[in-house]
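Trainee: return atomic coordinates for the entry below.
(2 chains)
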Number of protein chains: 2
Amino acid sequence: MSRLPLPPEIDAFLREPNPAVIATLRPDGSPHSVATWYDWDGELVLVNMEDSRRRLGFMHRDPRVSLTVLDRESWYRHVSLLGGVERLEDDPELVDIDRLSMRYRGQPHRTRDKPRVSAWIRPHAWHAWPPGSFTPSP
Amino acid sequence: MSRLPLPPEIDAFLREPNPAVIATLRPDGSPHSVATWYDWDGELVLVNMEDSRRRLGFMHRDPRVSLTVLDRESWYRHVSLLGGVERLEDDPELVDIDRLSMRYRGQPHRTRDKPRVSAWIRPHAWHAWPPGSFTPSP
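Mentor: Got it, this is the predicted structure:
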């Protein structure tokens, strides 16, 4: 793992609407992982979930998470971020889920009658694979 | 999460060469996640890595893992398996990595001069998303 700040090519990769998987910790300490939409603003990762999702409780209990972002074109090429949930916030106007839905689907989120919560994650370390595949060509 | 055995449609999904992310536990208990090839024989999950990979040490220390398998066509559709590493085995003849490489690339693994290790993972629980998307049509 490398510490932040992220190199520009990693930052640019994360700004694309790539597939992602978030890993959280269950109460017994075992890992839990699911596919997730995310966004990256250069400082924090945004994820958003219905308030009934179990990983919300997991993040509240232990804020340590890992996010693996896969290249849309070649999934084995990926970046993982290790970080912590800095805050959990209700999303009553669905602003954050609409932001994610626009990013991934180009339209506002379809389901609008379920309470949702945003998690803002601050990464503190990262790694990328394969090594060198994110380095700009000389 | 549901307990095993897996329904036939989940079993069939896992047999496809889909993208996957494996989450392991770092020594401080935080989650670690990376993209991975895997195979599924109906009982155990096979993953394989160079013997220098840090997650090998993580799995040796704490065998609890989570594997999220994404649909190749529509990545948000996914299955997660919660399980434990049942055994770690050297792969001196590269039999297991060739099996994975054939599955994903249709050819034997290219790099043949690095020692590799297989992890055999026994899942004990699973969940799928979206609900019902794996159910055969009536």
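Trainee: any idea which helix or strand comes after the helix or strand harbouring residue A:87?
Mentor: Taking DSSP states H and E as the definition, residue A:87 sits inside strand A:78-90. Next along the chain after strand A:78-90, taking DSSP H and E as the criterion, comes helix A:95-105.
Trainee: got the angle between that next one and strand A:78-90?
Mentor: Going by axes from the mean of the first three to the mean of the last three C-alpha atoms, to 10 degrees, helix A:95-105 is angled at 150 degrees with respect to strand A:78-90.
Trainee: report the buried residues of helix A:95-105.
Mentor: For helix A:95-105, the neighbour count (16 or more other C-beta atoms under 10 Å in any protein chain shown) marks A:96-101, A:104 as buried. For the C-beta atoms, the positions are set from N, CA and C on the backbone; glycine is no exception.
Trainee: who does residue A:81 form a beta bridge with?
Mentor: residue A:67, residue A:126 (DSSP bridges).
Trainee: in this structure it contacts residue A:67, no?
Mentor: Yes - between residue A:81 and residue A:67 there is a contact under C-beta atoms under 8 Å: 4.7 Å.
Trainee: joint contacts of the two?
Mentor: Shared contacts of residue A:81 and residue A:67, defined by C-beta atoms under 8 Å, 6 or more residues apart in numbering or on different chains, comprise A:45, A:121, A:123.
Trainee: elements contacting the strand holding residue A:87?
Mentor: Counting by 3 or more C-beta pairs under 8 Å, 6 or more residues apart in numbering or on different chains; DSSP states H and E, the packing neighbours recorded for strand A:78-90 are helix A:8-15, helix A:54-61, strand A:64-70, strand A:116-129, strand B:31-35.
Trainee: re the thing from before, can I get the shared contacts of residue A:81 and residue A:67 in CSV including distance to residue B:14?
Mentor: Shown next, in CSV, are those (distance: C-beta to C-beta, whole Å):
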residue, distance to residue B:14
A:45, 28
A:121, 29
A:123, 30
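Trainee: possible to save those as TSV with neighbour count?
Mentor: Below are the shared contacts of residue A:81 and residue A:67 laid out as TSV (neighbours: other C-beta atoms under 10 Å in any protein chain shown):
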residue	neighbour count
A:45	24
A:121	25
A:123	22
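Trainee: what's the burial count for residue A:42?
Mentor: 9 (other C-beta atoms under 10 Å in any protein chain shown).
Trainee: against chain B, how distant is the nearest residue to it once chain neighbours are set aside?
Mentor: Excluding the flanking residues, the one nearest residue A:42 by C-beta to C-beta, 6 or more residues apart in numbering or on different chains is residue A:11, at 6.3 Å. Distance, residue A:11 to chain B, using C-beta to the nearest C-beta, to the nearest Å: 19 Å.
Trainee: what about residue A:11, distance to residue A:55?
Mentor: Distance of residue A:11 to residue A:55, computed by C-beta to C-beta, to the nearest Å: 25 Å.
Trainee: higher neighbour count, the two?
Mentor: Looking at residue A:11 and residue A:55 with other C-beta under 10 Å, you find the greater number of neighbours at residue A:55, namely 20 against 13.
Trainee: tell me which residues touch the more buried one, please.
Mentor: A:22, A:24, A:32, A:34, A:49.
Trainee: out of those, grab the one that's most surrounded.
Mentor: Greatest neighbour count in these, by other C-beta under 10 Å, goes to residue A:22: 29 neighbours.
Trainee: what's in contact with whichever strand or helix holds it?
Mentor: Assigned by DSSP H and E, residue A:22 belongs to strand A:20-25. Outside strand A:20-25, the residues that touch it by C-beta under 8 Å, 6+ apart are A:31-38, A:47, A:55, A:58-59, A:61-62, A:64-70, B:21, B:23, B:29-33, B:66, B:68, B:70, B:78.
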